[in-house]
Every structure is written in structure tokens, then in C-alpha cells.
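# Okay, sequence plus prediction incoming.
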Amino acid sequence: QVQLVESGGGLVQAGGSLRLSCAASGRTLSTYTMGWFRQAPGKEREFVAAISRSYGNTHYADSVKGRFTIARDNAKNTVYLQMNSLNAEDTAVYYCAAARSVGYLLTSKNQYDYWGQGTQVTVSS
């Protein structure tokens, strides 16, 4: 079992940037497909980005493509989400997740086995 802890959230002005981190303990992250999801108030938790376990293949939601970048550092057992050109619609709690399944096209929250506690991102317009 792996434990995930997100950090790096906060308040930022529209057009600004944040980098979220997800640190793992208990198991090495290299054995998991990793993903980021977000949940705004009153909305369903939605897929943001995913990265494969071995080759670093990535996949993004259309709403963040070209603005967000997911990356992993298996040596540090950490996954990152670099978020640029933020806008008010990006305001949400962001969650890191780990999936035992192979692949990077894992966009459903039901495909992920472990979750962090979330970190709040608020974008002021």
C-alpha cells in the first residue's frame, strides 16, 4: 500500500502558476500509474492528467492541455503537476492518485486505487 501527500496549493492570481507535489511513502511510485484529479465545489471529481509508470507517457484533459504538465521523479518518489496560465475555472481541490493498472490513459477515478488528502488551489480573477 502507498500513502500519498499533496502539497503546493494556495492562492494565485489569474495568469499565474503553481506547482503541486505528491510525495509517496510505503511503496515506490515507479510501480504505479499516477494521476491528478480535481474537484470544484458542487461538482464531480474530474480527471486532470496522468503519467505512465515506466516511459513517462502522459495524457491530459482537454481543459488543461498546453497549460499543465505532469511529471514524475521516481528517485524522489514524487509526482508533480506544473500549472501555468491559471484561470478561475481551475479553482478546486487537487488530488493525487495511484493506480496499480498499467497504462497512462486512465481517466476514470474508479481506475485509481490510492488517493491523497487533496490540496486547495484558488485562482482569483
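Yep, that arrived.

# Quick check: buried residues in stretch 72-87?
Arg72, Asn77, Thr78, Val79, Tyr80, Leu81, Met83, Leu86 (16 or more other C-beta atoms under 10 Å). Any C-beta I mention is one placed from the backbone N, CA and C, and that applies to glycine too.

# repeat for stretch 91-101
Within stretch 91-101, judged by 16+ other C-beta under 10 Å, the buried ones are Thr91, Ala92, Val93, Tyr94, Tyr95, Cys96, Ala97, Ala98, Ala99.

# Next: stretch 28-43.
Leu29, Tyr32, Thr33, Met34, Gly35, Trp36, Phe37, Arg38.

# just the strands in this protein please.
Assigned by DSSP state E, the strands in the chain fall at 3-7, 10-13, 18-25, 33-39, 46-51, 58-60, 68-73, 78-83, 92-99, 114-115, 119-124.

# ok, the shortest one: who's next to it in the sheet?
Translated: strand 114-115. strand 92-99 (antiparallel) (DSSP bridges).

# try the third one
The strands beside strand 18-25 in its sheet (DSSP bridges) come out as strand 3-7 (antiparallel), strand 78-83 (antiparallel).

# what would these look like in TSV with mean pLDDT?
Converted to TSV, those look like this (pLDDT from 0 to 100):
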stretch	mean pLDDT
strand 3-7	97
strand 78-83	98
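
# which stretch among those strands comes nearest Gln117?
The closest of the strands paired with strand 18-25 to Gln117 is strand 3-7. By C-beta to C-beta, the value is 6.9 Å.

# how far does the closest one sit from the chain's center?
Centre-to-centre, strand 3-7 and its host chain are 10 Å apart (C-alpha atoms, centre = their mean, to the nearest Å).
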